[in-house]
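**Student:** sequence first, predicted coordinates after that:
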Amino acid sequence: MSDATTDAATGGPVLAADGTPLKRSLARALRRQKWRALMLIAPLLTFILLTFILPVADMLFRSVENSIVEETLPRTVVALADWDADSGELPSEAVFAAMAADLKEAATAKTHTKVGGRLNYESPGISSLFRKTGRKAKKFDLEAGGPWKEALIDINDGWGEHENWRTILTYSSTYTAGYYLNAIDMQVGTNGAEMRPEDERIYMKLLKRTLWMSCLITFACIALGYPVAWLLANLPMRTANVLMILVLLPFWTSLLVRTSAWKILLQQQGVINDVLVWIGLVADENRLVMINNQFGTIVAMTHILLPFMILPMYSVMQTIPPTYLRAAKSLGATNWTAFWRVYFPQTIPGIGAGSILVFILAIGYYITPALVGGTKGTFISNEIARHISSSLNWGLGAALGAILLVVVLGLYWAYDKIVGIDNVKLG
Amino acid sequence: MSKLPPYATTGQRVWYYAFRVICGLIFFFLIAPIVVVIPLSFNAQDFFTFTPEMLRLDPDGYSLKHYRDFLTSPDWQQALWNSVTIAPVATLLSVGFGTLAAIGLSQPHVPFRRAIMAILISPMIVPLIISATGMFFFYARFGLQGTYIGVVLAHAALGIPFVIITVTATLVGFDRSLTRAAANMGADPVTTFFRVQMPLILPGVISGGLFAFITSFDEVVVVLFVGSAGQKTLPWQMFLGLREQISPTILAVATILVAISIVLLTTVELLRRRSERLRGLSPG
């Protein structure tokens, strides 16, 4: 507003000391400031991009990548493109000849078992077809060995099965949604995508179990964390600080120490069972089974994640003036009404922040379920780890990881909206 | 809550004490599992529970056997050495990059501040198993998988969110006119940073560093994937021990780790109070 008046008074724009218009000079200073800030951030951003973001993106890419079939069986893929899978007939002789040539090459390079393994994820049994044929494929005489249709079926009946050819055709493209379909218990059948048979649906069950157990853990943390946070926020500062150590010590203690402590406490010959037997609550011969099941996972994880619930609740409760409760009571509210109608609504942001944090951390847990979860208490992370390190179905592991990541990033976004990432507090 | 008023009814009294008992039980739940490990680590037998001798406080029931195992076993010593060489280097990387970026982020005008912040905090949020598998594949492309450098880089990435969070929190209370005053008196930006800004934010930087250190020191999922047998750290060795042949040496290691976390916790608390004093807030 003063711009206009000064302009009018002096008859020109306000100038900075060096003679440039003030407006431009300020804009330049602001731009320089922005650049300086970005230059300070740039090294770290590059570092995180290279060491963290790109690796995660690389893994996600693996969930759709499917070049192995095309690379190992190039001729067959081209020849198969003309085949109509719904005709009910086997592919033509040209396709079989292309397959024989590809197999010979693959068997020499020893890559035929890899492609067989890849296709086996989609149609169990196809791996042995490739392995068995591969043994003879090295000696194929491509000029004189035909006709290949009869020759291949002669080596293994599998080449005469329509379904196997359909599988090869379906997974011959460079990119595939097959891993994702697999991860949600679906498969590509004769009429497009369809659900797997009831007894083969494992991943959705696992995902539901992960979500359900994370919910239970979050609720257990709210129930246990709320009274403690309230006590800490309402005690005199000195006492609260001492009690706070009891919350922070578990927070700082190694995850493995806490998990091993629970493993030791919950065993059948462990401390808790010993105490129960000693009191006489439980007979010596039927000691409680508290480990390697869902109970063990829930107890141990509630203990591990409880500080993440208490700390945000505490920081919100600290800001609520105690006079509000007294005011409510002096206006005639009962203790319960005063708490429920006046105090509790003000603590909701704390509960929300803590819950999202605990849920995000719980849903991706790997170590604790692996050690105390047995087979019934494992999470989706354990299945991802299994596919990456032992079953070597990397694509499926990556697809499961991508689904987990989407859930977590959704919650992260919600957390940012509700609490703001800047407001995360540690200790 | 702090004191029961003299006019409280019986019901209020009962609730007052019942509530304290409930809170006491929850505190017990939080701390007992950690405390139980300590006496058990002095067990003279290879059991994971209290033997009758221990309960009678008989000195024969206690021994330093498991600590001796820890100190003499080459596996554990190698693991300790690996942990001690990986964590400090990863911490230095996180603190170096993290402090610079935190100073950048707390400037008054930062374009895309929210998005940048979200990216920098993400290593803390993304499930470890996803980070671990991603790094496993990606680092393998450059021959970093199974190397010391690979593990250090991975751990540095995981520690960065903690440095960013603590240092930006310290910078919130930083009085910007101090740097202007320094510049006014002729100090160049580098001198201003080291002589004026750094001493004031040092407590935050150190606590961020301790967080990054403990993150790396306790980390097991990523090192399981990115590391190879040559980078076997203490948590990895514990994980193997818990999974395969569960040996009581783990209890001795656990006790040592608890002692380390007590030291770190105390340091961070003292630093926090110092930082709040420097910023003129009442020590909380």
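**Tutor:** Perfect, I can see it now.
**Student:** got the contact list for the lowest-mean-pLDDT helix or strand in chain B?
**Tutor:** Least confident helix or strand, chain B: helix B:52-55 with a mean of 77, by mean pLDDT, DSSP states H and E. The contact list for helix B:52-55 (CB atoms under 8 Å, 6 or more residues apart in numbering or on different chains) reads B:39, B:43, B:44, B:60, B:61, B:62. To be clear about C-beta, it is placed using only N, CA and C from the backbone, and glycine gets the same treatment.
**Student:** what about those residues, which are in helices?
**Tutor:** residue B:39 (DSSP state H).
**Student:** can you tell me which two in the contacts of helix B:52-55 are farthest apart?
**Tutor:** B:39 and B:60 (14.8 Å; CB to CB).
**Student:** the more surrounded of these two?
**Tutor:** Comparing residue B:39 with residue B:60 by other CB atoms under 10 Å in any protein chain shown, the one with more neighbours is residue B:39, at 13 against 10.
**Student:** so what's that one up against?
**Tutor:** Taking CB under 8 Å, 6+ apart, we find residue B:39 in contact with B:50, B:54.
**Student:** report pLDDT for it.
**Tutor:** Listed pLDDT for residue B:39 reads 88.
**Student:** any idea how far it is from chain A?
**Tutor:** Separation of residue B:39 from chain A (CB to the nearest CB, to the nearest Å) stands at 10 Å.
**Student:** got it, and residue B:178?
**Tutor:** Distance from residue B:178 to chain A, by CB to the nearest CB: 17 Å.
**Student:** and for whichever residue of chain A sits closest to chain B, the neighbour number?
**Tutor:** The minimum distance from chain A to chain B, using CB to the nearest CB, falls at residue A:364 (2.3 Å). As a burial measure, residue A:364 scores 26 neighbours (other CB under 10 Å).
**Student:** same question for residue A:156.
**Tutor:** By the criterion of other CB under 10 Å, residue A:156 has 17 neighbours.
**Student:** likewise for residue B:25?
**Tutor:** 13.
**Student:** may I see the buried residues of the helix or strand containing it?
**Tutor:** According to DSSP states H and E, residue B:25 maps onto helix B:10-40. Judged by neighbour count (16 or more other CB atoms under 10 Å in any protein chain shown), helix B:10-40 contains these buried residues: B:23, B:26, B:29, B:30, B:31, B:33, B:34, B:36, B:37, B:40.
**Student:** now those in CSV, with distance to residue A:138?
**Tutor:** Formatted as CSV, these follow (distance: CB to CB, whole Å):
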residue, distance to residue A:138
B:23, 74
B:26, 69
B:29, 65
B:30, 65
B:31, 67
B:33, 60
B:34, 62
B:36, 63
B:37, 59
B:40, 61
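**Student:** just curious, which of the residues you listed is nearest to residue B:262?
**Tutor:** Nearest to residue B:262 among these, with distances taken as CB to CB, is residue B:34, at 9.9 Å.
**Student:** is it true that that closest one touches residue A:253?
**Tutor:** Yes - Residue B:34 is in contact with residue A:253 according to CB atoms under 8 Å; the separation is 5.6 Å.
**Student:** overlap in contacts of those two?
**Tutor:** Residues within reach of residue B:34 and of residue A:253 at once, by CB under 8 Å, 6+ apart, are residue B:258.
**Student:** pretty sure residue B:110 belongs to a strand, no?
**Tutor:** No - using DSSP: H, G, I helix; E, B strand; the rest coil, the secondary structure at residue B:110 is coil, not a strand.
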